[in-house]
Structure formats: C-alpha cells, structure tokens
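Novice: Sharing a sequence plus its predicted fold:
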Amino acid sequence: MNRAARPRSPLAALGVILVAAALLVLPFALAQAGTAWVRITNLAILFALLALGLNIVVGFAGLLDLGYIAFYGVGAYVWAMLASPHFNLHLPFWAILPIGALAACVFGVLLGAPTLKLRGDYLAIVTLGFGEIVRIFLNNLSRPVNITNGPQGIARIDPVRIGEFDFSTTSKIAGLTFSGPIKYYYLLLVFLVVVIVLNMRLQDSRIGRAWEAIREDEIAARAMGIDTTSVKLLAFAMGASFGGIAGGMFASMQSFISPESFVLVESVMVLAMVVLGGMGNIWGVVLGAVLLTFVPEILRYTVEPLQKAAFGRTIVEPEVIRMLLFGLALVLMMLFRPSGILPSSARRREREGRQP
Amino acid sequence: MSVLLSATRISKRFGGVQALSDVEFSIRRGEIYGLIGPNGAGKTTLFNVLTSVYAADDGRFEFDGAPLSGLKPHQVAARGIARTFQNIRLFANLTAIENVMIGRHVRTRAGVFGAMLRTRATRAEEAAIEARAAALLDYVGLAARADDLARQLPYGEQRRLEIARALATEPLLLALDEPAAGMNATETSDLRRLIERIRGDGITVLLIEHDMKLVMGLSDRVLVLDYGRRIAEGPPAQVRTDPKVIEAYLGTGATSATRAHAEPAPAGARPGAVPGAAN
Ligand SMILES: Nc1ncnc2c1ncn2[C@@H]1O[C@H](COP(=O)(O)OP(=O)(O)OP(=O)(O)O)[C@@H](O)[C@H]1O
Ligand SMILES: [Mg+2]
C-alpha cells in the first residue's frame, strides 16, 4: 500500500487541526508581547526553511556542507538586484523567486561538481572554502562594474507584493489589524508548509531513497545501480534551491542586505539546527531551527534584567552567556542524544503501525 | 545452453600482490557456478573487478552478448549483474523494505519533480516498487521484518535481505559472496533452498562459498582459484578429486581441508581482508 495514501487516525487529524489553529493565532498572541517577537518568529521560520534545505544535503545524502549559507546569499542577492533601486529593476515576486531558486541551484551544482569524489572532512573543508569565496565575491563585486555594491550592501529592497497587496505595511482586514511582520508571518508559514510537504515527498521517493542509500553506503548504492554522481549533484542542487528561496524572502523582509549576513558562523548555525534537531528528520530539523532561534533571544531578554534584579548591575554580558549556553547545549546533546532531539529512526518506528 | 558471462585473461594487481592473473572462465545461462579457493585467493577481487568496483589491469568480460569494459558500477547493475558483499553492506539505518525498494532504483524512473508533485505516474510507480519489494521480502522469508531497521536484524537475516535487495534489480546474474558465512546449519539449509529456487526462476548464480558441502552440493560447475590463478574447473565431483585443488587446500600449511569448512573469522579478522575495500 502506498505510504502517501496511508490513512491517518482521527486523533492525529485532530492534532493537526489544533496545531494549525494555534499557528494561525500565534502572531497576534506574540504581538501582545511586542512586534519584536513576531519578527523573531519570522526569523525562526526562515531558518527552518534554510535548515530543511541543508537537511537534504547533510541529513538525507550525508554530505557535510559548511558553506550552505552561500546559497542563501545568492538567493538574497538575486532578489536584491532584481527588486531594488540598485539596478532600478522591480520585478514581481513570482518572477524573482524562481530566478533566485535557479541561480542558487546553479551555484549548488557548481559546488557539487568538483566535490563529488570527496567525503567527510575533505568535503567539509572545500564547502567551507566555497562559502567564503561567495562571500568575498559579494564583498568585492563593486568594481570595476558595480554588481553587488560591495560591503555597503543593497538597501531599499522591495517587499513582497502580490498585486496591490504589500506585505510590509499595516492593513486592516475584517476588522483585524495586520502589521507588516504579521503578514510576512503568514506568507512564511505557507512557504514552510509547502517546503515541509515537498521534503516529505522527496524523502519517501525513489530519489530520496537513493540519497539515503549513498549516505548509508556508497559502494552498495552503486552496486544497486544508483548513479551516485548525478544523485549527489541533485542533492546539492535541491538543497541550494531551497536555500535560495529562503534567501529571497530574507532580502525582501529585511529590505537591506550586505555580505555580513552570509558569514561562516551562519552556515555553522544552520548546520547546528540540523544536527541538534536530528539529521534527516524533517520535524526534528524544524524544531532545531525554532529552538536555536528562540532560546538565544529569550536569554537576551532575560539575562540582563535578572542580573540587574539580583546584583543591581550587569556582570556578564548576555552575549557571553548566550554563547556559553549554546556551547553547553551542544556538548550535552552530543553526550546524551548524539543523533539529535528527534533522531531519524524515530520516523521509521512510527511507520511500524502502518497497515500491511 | 548459451554463455551468459565469459572472462578472458582477467588480471588485477594491488601493489605487490597479484590478486588475479589471467583468469578465464565462462558461465552458462541458468547454471549455478561455484567459485572457491583458500583465503586471499582472489575470489572477492574477481567480484569487484566484474562489478567495476575496481578496473581490471588486463582482460575483458563479455556479458549477455556485449563487453562490460569501461562501465561504471551502476551501469553494470543496469546491465543485469547484482551482487552481495562478503562483509554485508546493507543500508543499516533504513528498514528492510526500504533496502529492497532501493534495489528497484535501477529499474524505475521517477525524478525529483515527479516526487515533489506526486504525479499519477510517480504514485503508480511508487506503489509498484513497494509491492515488488514486499513480494521479494516474502520470497526470502523476511515478510515479517519489513519495517525493522536492517541493522537490527540477526546476521542470517541480513544476508537474506542482501539477496532480496540484489534480486530487486532484476539481475540476469546474481553474484553471492559467501552468503552462508556466519549461518548455522538450519539457516544454511534454508539458504540452499533459496539459491535453488532463485536458479529455478531463471537467474544464473555465481557463488563464492567456503562451506564446501553447500557449494559442492549446489554448483553445476566449480572454478578454483589459488593465489589469483585458475587451478581447476569442472563439475564438483571432478574438482574435489583434482590433485591441484587438494594441494592448494592442504599444502599451504593449513591442517586439512577443514580450512575450507572452518567457521569464518569475524569480518576484518580474516587474513587478506582489506579495511575499507568492497569486500
Ligand atoms: N583493495 C585492496 N587493496 C590491496 N590489496 C587487496 C585489496 N583487495 C584485495 N587485496 C588483496 O588481494 C588478495 C585477494 O583478496 P580477495 O579478497 O580477493 O581474496 P578472497 O579470495 O576473497 O579471500 P577470502 O576467502 O578471505 O574472502 C589478498 O592478498 C588481498 O590482501
Ligand atoms: Mg573474499
């Protein structure tokens, strides 16, 4: 029986409805605490999109990629260049998004092709170098022809507009006030749902299984007739495309981007989300992205007031505590749950209940 | 009976070790062809050269009417040669049925877009893949294990799962590298029936095996390698009494022919086992 057609229990359906309802009212609840929290949520979704893309490369195909943020950068710059006063181009949203995805995809293949024979540490080093090369290009492609505007970055990037509907301004719909970030929240949520569905379908497909096969054992995969070269390239290309789409959304939401946003630390952060949540497990990866975006922000808002209350002044900077706790969390994770919060075999076990 | 696979002067050298020298043989369609020889004789190397894991230094294979030279491993699989590995190479963290479904890769076509859009054609193919995989698991007696992770299966079942996965590629030739290694007597006799059944279904079998009773009982003809050279070939009864074969098994310092019957050493501890290589 087809996995896709597997019937859901009524309880699971109820759960889905409840979660969906919670997600729909979430931004209004968060807005009570301050618009900043809506923005942070949007960032979390953006990171989840990014982490899901990286998960294809690292989680499914088992190829360690430390330069993934480059594809996010490519997507963001494509958006910025095609929809801003920089080149005085203002292409519509539905045109830029596929262009951005395609451009990132091309970069994915550019990175993938020369690294096909590499694995593990060697691959990590080459991809790390690739990420840096892209960033350095972004930084320097302002002369002789100004393409990227160098370190100053590109400003006044167009927001997403669908027809007359502008996602950056506040509007009133059916008596409710939707601020810019709240509107973006719904847009990003739609993207996230679509990307999750696509990833689930990919994972349970002939190609997804081929990715997992090369992750598990490349020699056996080849002996089973899998063309590992093209299947790996496909993983790089797909992962990069999702990264490119996330990058485009980032550019439009921020309305300003510069090479600063696409540094190595960001690649490491996204990788940490994938690893923390559980490599290869779609829900784990989303959870990892949400946790690693929110926990630092919560600390930022609590560490200082707490110290002020206790000692009357700030003894340790919140940033220091943030990194300390982050490091501690990763070490504890590796000690106690080395395959992530939701390891990917958990997904397998839940299948055991499926109909014969 | 027509010839399915013929090997001409196959040679392969690893540094100072001449693993294969000028090996020649031909396998007829529908037969079970045994491949024996003491440890390090070059049997696994012959599989690796046949399936393009390594390129032969010299010689050529002709398979199903066309040469195999220059093909990549996945193309060899597409041509119709499937194999198992001496040191079991399953996709350990995937379920049994997923392992077999991956074997269908080479006979199916869905791409990323079909998968993401879940087109009608993709859904139909996916259902066929799963049905075929389930049937193959049943065929090797692992139907009840479909949703267990490959690494959680006992050793004997892992070996049978590898066979099911290989069969999923619809091979003309199934190459088994010591399938009975580590099996107890019951498992071995089950395996024997399975191999006979596979042949009965029209698949030619190339069988490396140290269990003499099994390989001599199953094979129509047996090829004997020693130090990478062909020292004998023929029906089991003839090979068994061949002085060169007795010499190879007895004369190398081992106590008796029990060297061949001996319990296989754990993977890695076996003399001649090369870590990281496709054994
Ligand atoms: N990748 C490799 N690199 C170097 N030497 C190798 C490699 N593969 C095999 N050899 C050597 O080639 C010779 C033949 O090895 P092979 O594994 O083919 O023997 P075998 O007949 O399969 O033995 P066994 O019964 O122990 O499995 C051995 O001396 C082995 O050490
Ligand atoms: Mg061997």
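Specialist: Here it is on my side, so go on. Ligands and ions are numbered 1, 2, ... in the order given.

Novice: Could you point out the longest helix of chain B?
Specialist: Ranked by number of residues, the top helix in chain B under DSSP state H is helix B:120-139.

Novice: Next SSE downstream of that helix?
Specialist: helix B:155-167 (DSSP states H and E).

Novice: residue in the stretch 151-300 of chain A nearest to ligand 2?
Specialist: residue A:219 (14.5 Å; C-beta to the ion). Yep, even glycine has a C-beta here, placed from its N, CA and C like the rest.

Novice: Same question for chain B.
Specialist: residue B:44 (3.0 Å).

Novice: what's the nearest residue to the residue of the stretch 151-300 of chain A closest to ligand 2 if we skip its chain neighbours?
Specialist: residue B:278 (4.7 Å; C-beta to C-beta, 6 or more residues apart in numbering or on different chains).

Novice: now the helices: where do they sit in the stretch 1-150 of chain A?
Specialist: A:10-33, A:35-55, A:69-82, A:93-115, A:120-140 (DSSP state H, counting those that start in this stretch).

Novice: any idea how far the residue of the stretch 151-300 of chain A closest to ligand 2 is from ligand 1?
Specialist: Look at residue A:219 and ligand 1: by C-beta to the nearest ligand atom, to the nearest Å, they are 11 Å apart.

Novice: what does the helix or strand encompassing that residue rub up against?
Specialist: Per DSSP H and E, residue A:219 falls inside helix A:218-223. For helix A:218-223, contacts defined as C-beta atoms under 8 Å, 6 or more residues apart in numbering or on different chains pick out A:119, A:210, A:213-214, A:228, B:51, B:53, B:72-74, B:77, B:82-83, B:85, B:89-91, B:102, B:278.

Novice: what about the helix or strand hosting residue A:211 and chain B, touching?
Specialist: According to DSSP H and E, residue A:211 maps onto helix A:206-216. Yes - residues of helix A:206-216 contacting chain B under C-beta under 8 Å from any C-beta of the partner chain: A:206-210, A:212-213, A:216.

Novice: That helix relative to helix B:120-139, how many degrees between them?
Specialist: 50 degrees (axes from the mean of the first three to the mean of the last three C-alpha atoms, to 10 degrees).

Novice: Let me see the mean pLDDT of helix A:206-216.
Specialist: Average pLDDT, helix A:206-216: 95.

Novice: same question, stretch B:159-167
Specialist: For stretch B:159-167, mean pLDDT rounds to 97.

Novice: cool, stretch A:275-283 as well?
Specialist: 86.

Novice: and it, how far apart are its ends?
Specialist: 12 Å (C-alpha to C-alpha, to the nearest Å).

Novice: and if you look at stretch A:84-103?
Specialist: End to end - C-alpha to C-alpha - stretch A:84-103 spans 18 Å.

Novice: go on, stretch B:205-217?
Specialist: This stretch, stretch B:205-217, spans 14 Å end to end (C-alpha to C-alpha).

Novice: Residue A:293 and residue A:43 touch, don't they?
Specialist: Yes - in this structure, residue A:293 is within contact of residue A:43 by C-beta atoms under 8 Å, at 5.5 Å.

Novice: So between the two, which is more surrounded?
Specialist: Each of residue A:293 and residue A:43 has its neighbours counted (other C-beta atoms under 10 Å in any protein chain shown); residue A:293 has more, 21 against 18.

Novice: Measure how buried the residue nearest to that one when sequence neighbours are not counted is and give me the count.
Specialist: Nearest in space to residue A:293, with sequence neighbours left out and distances taken as C-beta to C-beta, 6+ apart, is residue A:44 at 3.8 Å. Neighbour count of residue A:44, defined by other C-beta under 10 Å: 21.

Novice: what about residue A:44, distance to residue B:108?
Specialist: 38 Å (C-beta to C-beta, to the nearest Å).

Novice: Kindly report the same for residue A:90.
Specialist: In terms of C-beta to C-beta, residue A:90 sits 45 Å off from residue B:108.

Novice: And residue A:150, by the same measure?
Specialist: 49 Å.

Novice: how many other residues sit next to the residue nearest to residue A:73 when sequence neighbours are not counted?
Specialist: Leaving aside its sequence neighbours, residue A:73 sits nearest to residue A:262 (C-beta to C-beta, 6+ apart; 3.6 Å). Residue A:262 is flanked by 27 other residues according to other C-beta under 10 Å.

Novice: contacting residues around residue A:262?
Specialist: So residue A:262 contacts A:69-70, A:72-73, A:76, A:131, A:134-135, A:138 (C-beta under 8 Å, 6+ apart).

Novice: Same check on residue A:162?
Specialist: By C-beta under 8 Å, 6+ apart, the contact set of residue A:162 is residue A:93.

Novice: next one: residue B:7
Specialist: Per C-beta under 8 Å, 6+ apart, neighbours of residue B:7: B:23-26, B:50, B:59-61.

Novice: Which PyMOL command selects the buried ones in those residues?
Specialist: To isolate the buried members of these in PyMOL, using 16 or more other C-beta atoms under 10 Å in any protein chain shown:
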select buried, chain B and resi 23+25+50+59+61
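
Novice: Export the contacts of residue B:7 to TSV and append columns for distance to chain A.
Specialist: Shown next, in TSV, are the contacts of residue B:7 (distance: C-beta to the nearest C-beta, whole Å):
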residue	distance to chain A
B:23	21
B:24	24
B:25	21
B:26	23
B:50	11
B:59	21
B:60	20
B:61	16
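
Novice: Thank you kindly, that will do.
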